[in-house]
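# Provide a 3D model corresponding to the input given below.
(chains A and B)
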Amino acid sequence: MQGVYEWMIEASRWVRPEMLLLLAGSGYFLAAVFVSAKSRSWAIASLLIVLLAAIWLPSGDADFATPASFFRHDSFSHFLRGLGLGLGAALILLSWDRIPDRCAAEYFGCLLLIIAGVNLVSAANDLIALFLALELVSIPTYVLLYLLRADDAAQEATLKYFFLSVFSAALLLYGLSFLYGATGSTNLEVLRGAVRQWLEQESTSASSTLPPTLLIAMIMIVAALGFRVTAAPFHFYAPDVYQGAPLLPVTLLSLIPKVAGFAGLYQIVSATLLIPGADAAASPLAASASGLFWIVALVSMFMGNLMGLWQDDLKRLLAYSGIAHAGYMIVGLGTGCSSGMIVEGLAGLFFYLIVYSAMTLGVFAILIALQSRDRTVVNVDDLAGLSKSHPILAVVMACFLFCLMGLPPTAGFLAKLNLFLAAWNTEQRLYRVLALVMAVNAAIGAWYYLRVVGVMFLRDAVKPLSVRVTWPAWIVILLCLFIVFWLFFQPNTTWTWMEAITQRR
Amino acid sequence: MDSEMQSFLPILVYFIVVVGFAGASLGISHWIAPKKPTQVKDMPYESGMDPIGDARQHFDVKFYLIAILFLIFEIELLFLYPWAVSAYQAGGLPEVFRGPAFWGVLLFLALLTIGYVYEWRKGGFKWR
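Next up is the predicted model:
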C-alpha cells in the first residue's frame, strides 16, 4: 500500500502511448471549437501523435504486471498495440484530405480515441479495463458513422449499429459479471489462478468442481464479442451498416472492431481456458467452448461465402467477405482450446489477423482512392474497365482479391494453410471436418472475388473512371501490397513471433 | 419495557407531525385556494407535452439534447458524492489513496469540462 504513487507512475509509464492518444483526442475536441484548420493539418498532427505513441510503445521483451494491476504489457499486447497503431496510421493516411473541414477535428479526435481503445483492449489485465476499452472503441465509432454524411442511409446504418452494439455491450457485461461472481475478482490474473485451482481439484476428485456459471459467462462473452468480429449468427447488422455508411468509417468498421474483438476474445479465453500446466483437454469448459467455436466458425464461413455470391454492392460484398474471414479466424480460436494444439491454432489466428488487415485495408484503400466528387464506386459493375483506365491499380486490386481468395503466391494462402493444418492436426473428427469445410468455403468464396476481377479486366466501362490517386492512398496501398507478398515469401520471422506471443502466459 | 417504548416516542411525534403537516397543507389549500379550473391546469404535467394520446408522436430533439446534458452532470455528481463523503474521513479512503484519488477526480472534472466547453461553443445551450 505504501508505494501507491510509485506504482501508479510505473503503471502509467506502460500505457503512456494510450494516454497520449487519449489526451490528444480530447484536446482535438477542445481545439475544434476555437481554431478552424484544414482536414490535412489535423491529419498531419494525428499522424505525428500516432508516430510518437509508436516510439513510446514499450518493447515486447519487457513484461510489466503487478498482481493487482489494471493493465499489463508483454509480447502479446506489444504485437496488438503495434497493429492498432499501424491500422490507425493507415486510416489517418486514407482520410488525409477527404474529410470536410467543418468536422475534421472531431473525425480525427474520434479516430485517436478509437486507436487508444484498441490498444487498451490488448493491454487490459482486468475485466473492467477490458470492458471500458471496448466501449472506448465503440462510442467514437457511432459518431464517425454519422459524422461524414448525414442522409437517411447513414442515419439508418448508425442507428442499427448503435442499438445492436449497445445490446452486445450489455451481453458482454452480463457475461463478465458471471466471471466475477465465480471468482470474486475482476482481475484476469486472479481468474487464471482460480481456474487452475479448480482444474487441479477436478483431476483429483470424482465430482466436477468447475462452477457452471463459467459456461454461461463463456456463451455470453462469445455472443457479445462475436458481434464485434461479425461472426454468424451475430453478423446481421454488418451488410446493412456497411452499405449505408460512408466508405471511410466502413473501412474502420471492417478492421478495428475485428482486431479489438479477437484481442478481447483471446484475453478471456487465455484466462479461463488455456491454463499452462493444466491439461486443457481435460477441462470440460474448454471442451464446451471449442464446441461453441466450432458451430460459430461453421455458420460464419457458410453464411459469409454463400450470401456473398448474391451481392452486387461492393460494400455488402466486403461485409460478407469479412463474415467469412471471421469464421476462418474462429477456427483457429476453437482449435486452440480443443486439445493440445494451442500454439498452432492461436498463432494461426493472429497470423491471419495481420494478413486480413493488410488485404482488406488494401481493397478498401483502392475503393476510397477511386471515389471522386462526381463519380462514386458503389456496385461491382462500377469497376468495369478499371484495367484500361488505371492498369496498375487494377493489377494491385487483383492481387488483394487473390489474397482474399487464398491463392499462392500471396500471404492469404499461407494464412489459410496454417489454420487448415492446425485444425487437421487436432486429430479430432469434428475439427477435421471443419478443416475440410474451410477448404470448400475457400473455393466458394473464390467465385465472388473472381467476379470482381472479371469485371475489372474483361468488361469495358460505359464511362471510364478518371481519378488521380493521391500519394497518401498510394502509401497505404503499396504497404499493404508489400505485406501481402512479403508474408508469403518470408513468413518465418512473423510466424515465430506469433508462436511466441501465444505461449507467453 | 417502558424505557424501550419511550425510546420510540420521538418517532411517534415525528410521524404525527409529518402526517399532520401534509394533511394540513393539503386541506388548507383545498379550503382557501381560489378554484378556476381550465383544461390545461387539470392535465398531469409531462415535460411540456400532451400526456394523453398516441405515444408515437414527434417531439423536439432539443429536449433530447437537454436530457443528455442533464445526465452528464447528474453522473458527475454521482461520482463526486461518494468520493467527497469518504475521502477525508477516518475509516474512509486509506491515507495513501487520498492524493491519487484527488488528482483522479480533478482529471475527471477536466475531461467533463472539455465536453462542457465543446457543447457551449457549438451552441448546445441555445434554445433554437
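# how near is the residue of chain B at minimum distance from chain A to A:Leu30?
Distances from chain B to chain A, computed as CB to the nearest CB, single out B:Arg121 as the nearest residue at 3.4 Å. Any C-beta I mention is one placed from the backbone N, CA and C, and that applies to glycine too. B:Arg121 sits 9 Å away from A:Leu30, taking CB to CB, to the nearest Å as the criterion.
# who has more neighbours, those two?
A:Leu30 (17 against 13; other CB atoms under 10 Å in any protein chain shown).
# packing partners for the lowest-mean-pLDDT helix or strand in chain B?
Of all the helices and strands that make up chain B, the one with the lowest confidence by mean pLDDT, DSSP states H and E is helix B:2-6; it has a mean of 74. Using 3 or more CB pairs under 8 Å, 6 or more residues apart in numbering or on different chains; DSSP states H and E as the contact criterion, helix B:2-6 has no neighbours among helices and strands.
# from the chain's centre, how far out does that helix sit?
Using CA atoms, centre = their mean, to the nearest Å, the distance from the centre of helix B:2-6 to the centre of the chain it belongs to is 38 Å.
# what about the residue of chain B closest to chain A, distance to A:Ala24?
With distances taken as CB to CB, B:Arg121 is found 19 Å from A:Ala24.
# OK, contacts around A:Ala245?
Contacts for A:Ala245 (CB atoms under 8 Å, 6 or more residues apart in numbering or on different chains) come out as A:Leu145, A:Arg149, A:Ala153, A:Ala154, A:Ala157, A:Thr158, A:Tyr161, A:Leu253.
# make JSON lines out of those residues and add distance to chain B, secondary structure and neighbour count.
Shown next, in JSON lines, are these (distance: CB to the nearest CB, whole Å; DSSP: H, G, I helix; E, B strand; the rest coil; neighbours: other CB atoms under 10 Å in any protein chain shown):
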{"residue": "A:Leu145", "distance to chain B": "18", "secondary structure": "helix", "neighbour count": "26"}
{"residue": "A:Arg149", "distance to chain B": "19", "secondary structure": "coil", "neighbour count": "17"}
{"residue": "A:Ala153", "distance to chain B": "20", "secondary structure": "helix", "neighbour count": "13"}
{"residue": "A:Ala154", "distance to chain B": "17", "secondary structure": "helix", "neighbour count": "19"}
{"residue": "A:Ala157", "distance to chain B": "19", "secondary structure": "helix", "neighbour count": "24"}
{"residue": "A:Thr158", "distance to chain B": "15", "secondary structure": "helix", "neighbour count": "22"}
{"residue": "A:Tyr161", "distance to chain B": "19", "secondary structure": "helix", "neighbour count": "25"}
{"residue": "A:Leu253", "distance to chain B": "24", "secondary structure": "helix", "neighbour count": "23"}
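# leaving out sequence neighbours, find the closest residue to the residue of chain A at minimum distance from chain B.
When distances are taken as CB to the nearest CB, chain A approaches chain B most closely through A:Val33, which lies 3.4 Å from it. Among residues not flanking A:Val33 along the chain, B:Arg121 sits closest, at 3.4 Å (CB to CB, 6 or more residues apart in numbering or on different chains).
# go on, A:Met397?
In space, not counting the residues next to it along the chain, A:Met397 is nearest to A:Ile366; the distance is 5.1 Å by CB to CB, 6+ apart.
# with A:Leu171 instead?
Once flanking residues are discounted, A:Leu171 sits nearest to A:Ala224: 4.1 Å by CB to CB, 6+ apart.
# now swap in B:Glu76 and tell me
The spatially closest residue to B:Glu76, leaving aside those adjacent along the chain, is B:Leu112, at 5.7 Å (CB to CB, 6+ apart).
# so which helix or strand takes in that neighbour?
Under the assignment given by DSSP states H and E, the secondary-structure element containing B:Leu112 is helix B:95-121.
# what residues sit buried inside that helix?
B:Ala101, B:Val105, B:Gly115, B:Tyr116, B:Tyr118, B:Glu119 (16 or more other CB atoms under 10 Å in any protein chain shown).
# again with stretch A:142-155
Neighbour-count burial for stretch A:142-155, counted by 16+ other CB under 10 Å, picks out A:Tyr142, A:Val143, A:Leu144, A:Leu145, A:Tyr146, A:Leu147, A:Leu148, A:Arg149, A:Ala154.
# lowest-confidence member of those residues, which is it?
Comparing pLDDT over the buried residues of stretch A:142-155, the lowest score belongs to A:Arg149 (83).
# show me the contacts for the nearest residue to that one once chain neighbours are set aside.
Distances taken as CB to CB, 6+ apart put A:Pro246 closest to A:Arg149, at 4.8 Å, once the chain neighbours are dropped. Under the criterion of CB under 8 Å, 6+ apart, the neighbours of A:Pro246 are A:Leu148, A:Arg149, A:Ala154.
# what parts of chain B come near chain A?
Proximity of chain B to chain A, by CB under 8 Å from any CB of the partner chain, involves residues B:Pro94, B:Val96, B:Phe97, B:Gly99, B:Pro100, B:Leu111, B:Ile114, B:Gly115, B:Val117, B:Tyr118, B:Arg121, B:Lys122.
# can you give me the helices for the stretch 351-500 of chain A?
A:386-389, A:391-405, A:411-424, A:429-458, A:471-489, A:491-502 (DSSP state H, counting those that start in this stretch).
# was I right about A:Glu202 contacting A:Ala286?
No. Counting by CB atoms under 8 Å, A:Ala286 is not a contact partner of A:Glu202; they are 11.5 Å apart.
# higher neighbour count, the two?
A:Ala286 (25 against 19).
# which residues does residue 12 contact?
You didn't pick a chain, so chain A it is. A:Met19.
# tell me which element it falls in.
In this structure, A:Ser12 sits in helix A:4-14 according to DSSP H and E.
# which element follows that helix toward the C-terminus?
Next in sequence after helix A:4-14, counting helices and strands by DSSP H and E, comes helix A:16-32.
# got a list of what the residue nearest to A:Met397 touches?
Contacts of A:Ile366 were listed using CB under 8 Å, 6+ apart, and they are A:Leu393, A:Val396, A:Met397, A:Phe400, A:Ile477.
# may I ask which two of these are separated the most?
Between all members of the contacts of A:Ile366, the longest pairwise span (CB to CB) is found for A:Leu393 and A:Phe400 and amounts to 10.6 Å.
# so for the two, which residue has more residues nearby?
For the pair A:Leu393 and A:Phe400, the greater number of neighbours falls to A:Phe400 (26 against 21), based on other CB under 10 Å.
# any idea how far B:Ala101 is from the residue nearest the centre of chain B?
Compute the mean C-alpha point of chain B, and by CA atoms, centre = their mean the closest residue is B:Glu74, 8.2 Å away. For B:Glu74, the distance to B:Ala101 (CB to CB) stands at 21 Å.
# ok, now A:Ile392?
From A:Ile392 to B:Ala101 the distance is 58 Å (CB to CB).
# again with A:Gly117
Taking CB to CB, one finds A:Gly117 at 24 Å from B:Ala101.
# poorly predicted segments of chain B, please.
Across chain B, the stretches falling below the confidence threshold (pLDDT under 70) are B:1-2, B:46-49, B:128.
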